[in-house]
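Q: Fold the following.
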Amino acid sequence: MRIVVLGGGFGGVTAVRHLERVLRRHTDVEIALVSRDNFFVLTPLLFEACSGRLELRHCAQPIRAALQRSRFIEATVESVDIDRQFVRAVAPDGGAYSVPYDHLVVALGASTNEALIPGSSNALTFKTMADALVLRNHLIECFERADATADPVRRRRRLTIVVIGGGLVGTELVGELTAFADDVLRFYPRIRRGEVCLRLFEAGPRILPEIDTKLAATAARVLKARGVDIQASTAVRSIEPGRVRLENDTIDAATIVLTAGIVASAVAGAIPVVRDQRGRIAVDATMRSRSHPQVWALGDCAAIPGPDGRPYPALAQHAIREARHLAENMRMVIDGRVPSAFMFRSLGTMASLGHTRAVARVFGVRLTGFPAWWLRRTYYLFQMPRWDRRVRIVLDWTVALFFRPDITRVELRVEREQVKRVRELVKTSADIVRASERSVR
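A: Have a look, this model is predicted:
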C-alpha cells in the first residue's frame, strides 16, 4: 500500500505526521511526501519575519526533521495521472520522478488570485518566505532612497505603501508594517513618521470579514490611530507599475502588495477530478474526491462541506484538524471500515495588529489588546512541531523586546557569470549521477 501526499504546508505535513502515528503497526504501508521546498512555513509568523522581529528561518521547519519513517521527495509536482495512479514531479536539478500511489492526498494549498484585478502581476504578494524577504528588502530600499532624495514627488511615492485586500492577511500585514516603520525610522533622521503613508483598500463593506463586526471596528480604530488610511467598499480597478487606479482616483506608490483573495494551486486545479466553481477539488465530508475515491484533498485546494453544506474556510486551524481527521479516515479505509465525516467548529479567529496588540474571538469570548496578542503568539508557537524551533522563536521574541530590528538588506542579485557557473555545476553533477547509475546497472 502506497500513500503519496502532495504539498509541504500545514495540511500536508500534519497529514503525514498523523499517518505515521495511526499506521505505525501497518508495516506494509509506505508513505511519501512530495514538496517543492524541503521546509514548511508557519505562515502566521511571516509578518514578524518581514518586520525583523523574528529571524526568517525560524518561522520555517525542515520537513525531514518533522518526519519519522516517511519518504520525502523535494520536487515540484507537474501532473497527476489519475488512470495509471502516479505523480509526475521534477527536481530542482531537472531530474524527473514518477511516484506511484494507491491513495493520493492533495494538500497543495492556494496562491494569490491575480485574476481579480487587471495588472496584478505588477504587485508584490505575501504568502511565502521569499515574499516576506522581498518585501522587507524593498521597503528598506524605499526608505534609503526617500532619505537620500530632496524631490518631494519621489519622496512621497517612495514612502507610500498600498495594501490591496482587507482580510486577515492584509490587515495583519498593515499592522506589522506600522510597527516596522516606527522601529526603523530612527535610522532615517530625514524622514518623519507622518510622511510614511500606509493605505489599505478593501472591496467589501469592512475590513476583517472573517471576524465579527465589533472586533473589526476595534481593529480599524487602532490602525487609523497609527495613521493608516483605511478605505472599505473601494474596489481597485487596475494595478500598474508604481500606480494603483481606483474608480475616481489614481495613487502613485512604490510599494503595492496584493492580498485580495486566493485561488487553488494550478497543479491541484489541473488534476482531472470533479471540482467546484472556484476550482477547488470537490470532496465529500470524509475528504475523498467525489469522482475518484482513491484521491483525497484538504486545505485551501479542497472544498470540504460542513454540516450546513457550505465549505469550510481556508484557515490554518481548519487545515490542521482536516489533516488529523483525514489520517484517521485513511486508517479506517485500510482496515476495511467506513470513514467518518469531518466536523469542526472553529475555536475562534485572531488578528495581530502589531505593537503587541491584536483582536481575537476565542470560544465566543472577545479579546483585544495585549491579551489577544499574547494568546495568538502562544497558539502559533505550539503549532511548530519541534521544541528546538520553538525555543529559537521565543529567543527571537525576547531579543526583540530590548533591541530594534536591524535594517540589513539581504542581497538577492547574482551576477550572470555566477548563474552560468552554478548551472554548469548542476549539469555536471547530474551527468555524473546518471553515468554512475548506468555503471551500476
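
Q: Name the residues of the helix or strand hosting residue 20 that come out as buried.
A: Per DSSP states H and E, residue 20 falls inside helix 10-22. Burial within helix 10-22, assessed by neighbour count using 16 or more other Cβ atoms under 10 Å, is assigned to 10, 11, 12, 13, 14, 15, 16, 17, 18, 19, 20, 22. Heads up, the C-betas are built off the backbone N, CA and C, glycines and all.

Q: from the residues you listed, which single one is nearest residue 78?
A: Nearest to residue 78 among those: residue 12, at 16.9 Å, using Cβ to Cβ.

Q: Pull up the gap between that closest one and residue 305, please.
A: Separation of residue 12 from residue 305 (Cβ to Cβ, to the nearest Å): 21 Å.

Q: Next: residue 272.
A: Shown here: residue 272 relative to residue 305, a distance of 21 Å by Cβ to Cβ.

Q: Looking at these two, which is more packed in?
A: residue 305 (16 against 13; other Cβ atoms under 10 Å).

Q: That one: what's it in contact with?
A: Residue 305 sits next to 284, 285, 311, 312 when contact means Cβ atoms under 8 Å, 6 or more residues apart in numbering.

Q: list the contacts for residue 11?
A: When contacts are counted by Cβ under 8 Å, 6+ apart, residue 11 touches 107, 109, 298, 299, 319, 320, 322, 323.

Q: can you do 6 Å?
A: When contacts are counted by Cβ atoms under 6 Å, 6 or more residues apart in numbering, residue 11 is found next to 107, 298, 299, 319, 323.

Q: Check residue 210 too.
A: Contacts of residue 210 by Cβ under 6 Å, 6+ apart are 168, 349.

Q: In a strand, it, correct?
A: No. According to DSSP: H, G, I helix; E, B strand; the rest coil, residue 210 belongs to no strand; its state is coil.

Q: For it, give its distance to residue 359.
A: Applying Cβ to Cβ to residue 210 and residue 359 gives a distance of 11 Å.

Q: that older thread, as JSON lines, the buried residues of helix 10-22 with pLDDT would be great.
A: Below are those laid out as JSON lines (pLDDT from 0 to 100):
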{"residue": "10", "pLDDT": "84"}
{"residue": "11", "pLDDT": "91"}
{"residue": "12", "pLDDT": "94"}
{"residue": "13", "pLDDT": "94"}
{"residue": "14", "pLDDT": "93"}
{"residue": "15", "pLDDT": "96"}
{"residue": "16", "pLDDT": "96"}
{"residue": "17", "pLDDT": "95"}
{"residue": "18", "pLDDT": "96"}
{"residue": "19", "pLDDT": "97"}
{"residue": "20", "pLDDT": "96"}
{"residue": "22", "pLDDT": "95"}
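
Q: tell me which of these is nearest to residue 392?
A: residue 13 (18.2 Å).

Q: Hmm, the closest one is touching residue 40, no?
A: Yes. Assessed by Cβ atoms under 6 Å, residue 13 is found in contact with residue 40 at 4.9 Å.

Q: since we're on residue 309, how many residues are nearby?
A: Neighbours of residue 309 under the rule other Cβ under 10 Å: 7.

Q: helix, strand or coil for it?
A: coil.

Q: how many other residues sit next to the closest residue to residue 211 other than its chain neighbours?
A: Of all residues not flanking residue 211 in the chain, residue 349 sits nearest, at 5.1 Å (Cβ to Cβ, 6 or more residues apart in numbering). Residue 349 sits with 19 neighbouring residues when counted by other Cβ under 10 Å.

Q: could you check the distance from residue 349 over to residue 210?
A: Taking Cβ to Cβ as the measure, residue 349 falls 5 Å from residue 210.

Q: Just list the residues touching residue 230, thanks.
A: When contacts are counted by Cβ under 6 Å, 6+ apart, residue 230 touches 200, 220.

Q: Quick check: it is in a strand.
A: Yes. Counting by three-state DSSP, residue 230 falls inside a strand.

Q: Any idea what it is bridged to?
A: residue 200 (DSSP bridges).

Q: ok, it to residue 272 distance?
A: Note on residue 230: its distance to residue 272, by Cβ to Cβ, is 43 Å.
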